[in-house]
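[1] sequence-free structure coming up:
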Ligand code: G3H
Ligand code: 13P
Ligand code: ZN
């Protein structure tokens, strides 16, 4: 069942976070659905309520144009039928104004992100406000971003890009956005921190304090970049260096501070890369695309279960179902 993040956030606020996972293809979609229902090996396995979780499936502009957005949408619609127990939102990740309108008008997305965070404050407010108006007319919710991720290696310079708590309060009030992505020291990709840098929980606490009670925050760049997966990739011929990620025990701590949505893309790519590289290394005579594909779907499902345990969303699916039925 495709739902709005509005209800999901109401249920999880302050208690746990919902995983927002990027997908680009069929195998990622199937692994993601199986993982969120606790089905590791096969679509037909019984769902496991102990680990089943609500989730956000997010699609970037790159994912939409990788083949044709209609293929991805068709995969998701098919997944909704194959996995009728699943409860998830469909979200546009890092949208421009134009792509947001395309998704809002499509009637398929329940949530869009307008990312005008690279613009000056007033322009960001103006663009976000326009998208919010158009989205709300169609019942779609909007995530916006204030502050800028990345640049964490620049230390002092990086600090000026962190979200300003006073500006955050003004931004939310003036734009009417439904959730806010905040820059608190994380960045996208496999190299997030150097030296003593880390997630700025002090800044997160200030932002939460300035916003209305229960206002949902979003953490981007939240992959853990686990050493285990980096090593597996490198042992199978990869060349990833100077990697670092967000410690997974930070997820639950952030959730307790109002972070309702935690974005994870890179970790899924690492699982994909390790499994495919190992398959090609270990079975050089095999040229069947289904060999690495099957191994990946199973490994990804397991990894999603692990992630959801760290987010606190594992085992919450039936509670959310009851909550939605009452709403
Ligand atoms: O925030 C960026 C996401 O990881 C999506 O990456 O634009 O390469 O699909 P992408
Ligand atoms: P990672 O690169 O840390 O997975 O971040 C993903 C993200 O923020 C997608 O919007
Ligand atoms: Zn992001």
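    Great, that's in hand. The structure displayed is predicted, hence computed values, not measured ones. Ligands and ions are numbered 1, 2, ... in the order given.
[2] all contacts plus neighbour counts: C-alpha atoms, from now on.
    Fine.
[3] What ranges does the chain have for its helices?
    Secondary structure of the chain, counting by DSSP state H: helices at 5-12, 26-37, 61-66, 69-82, 97-106, 121-137, 156-159, 165-175, 201-210, 227-235, 249-256, 266-282, 290-311, 317-326.
[4] and the shortest one, what's its mean pLDDT?
    With pLDDT averaged residue by residue, helix 156-159 scores 41.
[5] what about the nearest residue to residue 238 once chain neighbours are set aside, neighbour count?
    In space, and not counting its chain neighbours, residue 238 is closest to residue 277: 8.0 Å by Cα to Cα, 6 or more residues apart in numbering. Each residue near residue 277 was counted by other Cα atoms under 10 Å, and the total is 18.
[6] what do you get for residue 301?
    In terms of burial, residue 301 registers 25 neighbours under the definition other Cα under 10 Å.
[7] Help me confirm that it comes into contact with residue 34.
    Yes - counting by Cα atoms under 8 Å, residue 301 sits close enough to residue 34 to count as a contact (5.5 Å).
[8] Identify the contacts common to these two.
    Between them, residue 301 and residue 34 share these contacting residues under Cα atoms under 8 Å, 6 or more residues apart in numbering: residue 40.
[9] rewinding a little: just name the most buried of the helices of the chain.
    Compared across the helices of the chain, helix 26-37 shows the largest average neighbour count, a mean of 27 (mean count of other Cα atoms under 10 Å).
[10] That one near ligand 1 anywhere?
    No - Helix 26-37 lies apart from ligand 1 when judged by Cα under 6 Å from any ligand atom; the minimum separation is 12.7 Å.
[11] Against which helices or strands is that helix packed?
    Of the remaining helices and strands, those touching helix 26-37 by 3 or more Cα pairs under 8 Å, 6 or more residues apart in numbering; DSSP states H and E are helix 69-82, helix 290-311.
[12] Ligand 1 is nearest to which of the ones you listed?
    Ranking the helices and strands packed on helix 26-37 by distance to ligand 1, with Cα to the nearest ligand atom as the measure, places helix 69-82 first at 12.6 Å.
[13] Would the closest one count as contacting ligand 1?
    No - judged by Cα under 6 Å from any ligand atom, helix 69-82 and ligand 1 are separated, with a smallest distance of 12.6 Å.
[14] quick one: average pLDDT of that helix?
    Model confidence over helix 69-82 averages 98 on the pLDDT scale.
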